[in-house]
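Undergrad: Just the structure for this:
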Amino acid sequence: MKTSLQQQESNDVSQRQNWLKWHWQQGLVLMVAVLIGGSLWHLRVADCPLLVAVPILWLSLTGASLLVVYLLMLVQALRRTETRYLLMMQGFNGSVWDWDLKTNRVYFSPRWKQMLGDSKADFSNRPQEWFDRVHPLDRSALEAALSDYLQGSATPFEHEYRLRHEDGGYRWMQSRAIATYSAKGQPERLVGSQIDITAQKQAEEELWRSTFFDRLTDLPSWAGFTHHLQQAMNQAQQDAQFRFAILWLDLDQFKLINNSLGSRMGDQLLVAIAERLSAFLLPNEVIARLGEDEFAILLKHIQDSDEAIRMAQQIQQKLACPFHLDDQEIFVTASIGIALNAPHYHNSEYLLRDAGTAMYRAKAMGRASYLVFDKSMRTGMLVKLRLESDLRRAIAEGERQSQAAIARQADIQQTNIQQTNLQQTNLQQADIGQADIEQADIEQPDVNAALRTAPLKASQKTSQPNLIETAEQYPQLELYYQPIVRLTTGQVTGFEALVRWQHAEQGLLFPSRFISMAEETGLIIPLSWWILRTACRQMSQWQAMFPQNTALTMSVNLSSKQFSMPGLTKQILQILQESGLEPAHLKLELTESMVMENMASVIDVLYQLQSLGIRLAIDDFGTGYSSLSYLPRFPITTLKIDRSFVDRISDCNNNLEIVRTILSLAHSLRLDVVAEGVETKAQAIRLHEMGCEYGQGFFFYKPMNASAATDLLVQQGV
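TA: You can find the predicted model right below:
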């Protein structure tokens, strides 16, 4: 019996050992339910393995083996959950921290440590380990944000701060967290995540700098300066005693420096200017680069406009000293506009606008000038803006009506030509006797007789239709034509096309009123093309009316912006083809400065134009660059002596010698010479005696519209 009991006990021990062995492999079991003999036994397990006193065999026989299967299913589900969690954490770019508020201990995940340079570093589990690594400028804000959240803030915890890396630098982090609370509402635990946002912050910093700072000079940009200006305006609204001023600087002739020395040298000069101006400004004063060659300075705490003026004078003195760059000595001046704050300024843009207006007025006064803004300038600017808008519409309307007029006149053009030929025949028969006398005079030129018969009286004109426009419907823009005459005979040999603007409110405007504005706004380009197109059409019709006059030419001025445009030759050729004008009847006038800039490319363009058969002239010769040595290289046919030399040619030896030199040079190069601004008989006689072939001026004819010019050609029997 004893032996049997001992054997049974031995078996029980063996079974318990097997149970324990299996149980240890499964993990900790907190509670199981076992069905034994029809009764349900609940076995609770705390921190020790489950010890089952009932033999395994009995459990199997009573159905308790279901427990093992159920536990295996739980373990497998737990392992799947753990696997998913591990995979999720590996894919998650952030880290996890778990702060037990009761024990004041923090768990930092390996990824949290890795973000700081070492995932195996021996970090303590106290919050101080965390806060000691926070950037000194960010720590108080982080602690305050955590405190607010734990005290019941409705806003979820989310904060950005910098943490010290193992390499000594700082990384930007973003933390989000959620708290758990006790039954009494006290926070017990704070669990959060942390991600590295350094790259995002760097991108934001780069975007911010590119928006508010100039890349070349590292000065504030337009946006950055506007920000400082708005702050100053806000301060002025709060403090009536606070006054400030804006100085807007525009470098004089910077484009010439940039084009002559290259953009690299131009950039170096801008950097040097920025450094020189920044060096003598006070810490509370702001300098910014607004554009390519424009700077602005914000002066704070000034007493009156005199302080701003003194600053402008100091700036000009600083810029007066030469800049030495790559063995080049460069002198720079600036035009400065000054605007002072006032109660009526509620927007920084208006203050900048007025400073810019003063700057442009100063620039118009000459180099190295400064000017303080006043309200009269704004009125002038409004008038200028209105004029610009009107000119823009006038160009579009002029082109449209010109095209329409050409179409309307096409069907009667042949009739006009026949009428003109008939009139010419009648005039020739009536004046045949006088013609013989004039022919004799031509053989022995008498300039006095030629000049006496040159001006055409109004009573001599015949009524001819304007082939470009009619009296009932004409564009606001209109071309006038000033005749160019041969000094020996007074015969008209060509015209120069001059634009006039019949403004609806201001009446007839001459180019001096709107050409400079057109150049500033870029309207000079479409205006110049309209002038060329209209002049070519008119000349084409005269060519058809007077086919026997093969020497008649139309002179048209090219603007500098128009001349520098790519595809110039192609555009001119297209206009010639559209108008039907033979290229030999077109003479393009250019200034000396235009042909002297970028001479290599200019010469190519000039030869392209010459190859089309177009004639070329240098206008206002002698007033620009000293181009005498380069003149033989240009394929030009005509020099036009500027009116400033002709004006006092009769009593000024200097002007007389200049004109004589120009004539000698032109004749040696076999060039024609046209004297501009001939207003007296004495001037005409002196020019003829010196060998000048052609003249143009009020002594002969004033500029006239197309209808009057047609009458003139008919009267002269061209």
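Undergrad: what about K375, distance to D354?
TA: For K375, the distance to D354 equals 9 Å [Cβ to Cβ, to the nearest Å]. Quick note: C-beta positions are derived from backbone N, CA and C, even for glycine.
Undergrad: Go ahead and confirm L669 touches P632.
TA: Yes. Using Cβ atoms under 8 Å, L669 is in contact with P632, at 6.1 Å.
Undergrad: what residue ranges in this protein score low on pLDDT?
TA: Along the chain, segments meeting pLDDT under 70 span 1-93, 119-122, 402-403, 405-475, 598, 624-629, 650-653, 718.
Undergrad: Now for the most centrally placed residue in the chain: which residues touch it?
TA: The centroid of the chain falls nearest to G291 when counting by Cα atoms, centre = their mean (8.2 Å). By Cβ atoms under 8 Å, 6 or more residues apart in numbering, G291 lies in contact with W222.
Undergrad: Where does E329 sit: helix, strand or coil?
TA: strand (DSSP: H, G, I helix; E, B strand; the rest coil).
Undergrad: Pull out the buried residues from stretch 585-592.
TA: Using 16 or more other Cβ atoms under 10 Å as the test for burial, stretch 585-592 gives H585, L586, K587, L588, E589, L590, T591, E592.
Undergrad: And stretch 567-574, by the same measure?
TA: Using 16+ other Cβ under 10 Å as the test for burial, stretch 567-574 gives L568, T569, I572, L573.
Undergrad: name the element the last one belongs to?
TA: Using DSSP states H and E, the secondary-structure element containing L573 is helix 568-579.
Undergrad: And L229, by the same measure?
TA: Using DSSP H and E, L229 sits in helix 222-238.
Undergrad: Packing partners of the helix or strand following that helix?
TA: Remark: after helix 222-238, the chain's next helix or strand is strand 244-251, criterion DSSP H and E. Secondary-structure packing of strand 244-251 (3 or more Cβ pairs under 8 Å, 6 or more residues apart in numbering; DSSP states H and E): helix 222-238, strand 294-300, helix 305-320, strand 334-340, helix 348-365.
Undergrad: Please identify the most buried of these.
TA: strand 334-340 (a mean of 26; mean count of other Cβ atoms under 10 Å).
Undergrad: Tell me which residues are up against that strand.
TA: Contacts to strand 334-340, defined as Cβ under 8 Å, 6+ apart, come from residues 243-252, 295, 302, 305, 308-309, 312, 315-316, 319, 351-352, 354-363, 365, 367-373.
Undergrad: just checking, A223 touches D214?
TA: No. Contact between A223 and D214 fails when scored by Cβ under 8 Å: they sit 10.2 Å apart.
Undergrad: Which stretches in the stretch 501-650 of the chain count as helices?
TA: Counting by DSSP state H, counting those that start in this stretch, the stretch 501-650 of the chain has helices at residues 511-521, 524-545, 560-563, 568-579, 592-596, 599-611, 643-646.
Undergrad: Reformat the ones you listed as TSV; add distance to A279.
TA: As requested, these are exported to TSV (distance: least, Cβ to Cβ, whole Å):
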stretch	distance to A279
helix 511-521	33
helix 524-545	40
helix 560-563	37
helix 568-579	45
helix 592-596	36
helix 599-611	39
helix 643-646	44
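Undergrad: Highest mean neighbour count out of these?
TA: helix 524-545 comes out most buried of the helices of the stretch 501-650 of the chain by mean count of other Cβ under 10 Å, with a mean of 22.
Undergrad: next one: it to chain centre, how far?
TA: Once both centres are worked out by Cα atoms, centre = their mean, to the nearest Å, helix 524-545 turns out to sit 33 Å from its chain's centre.
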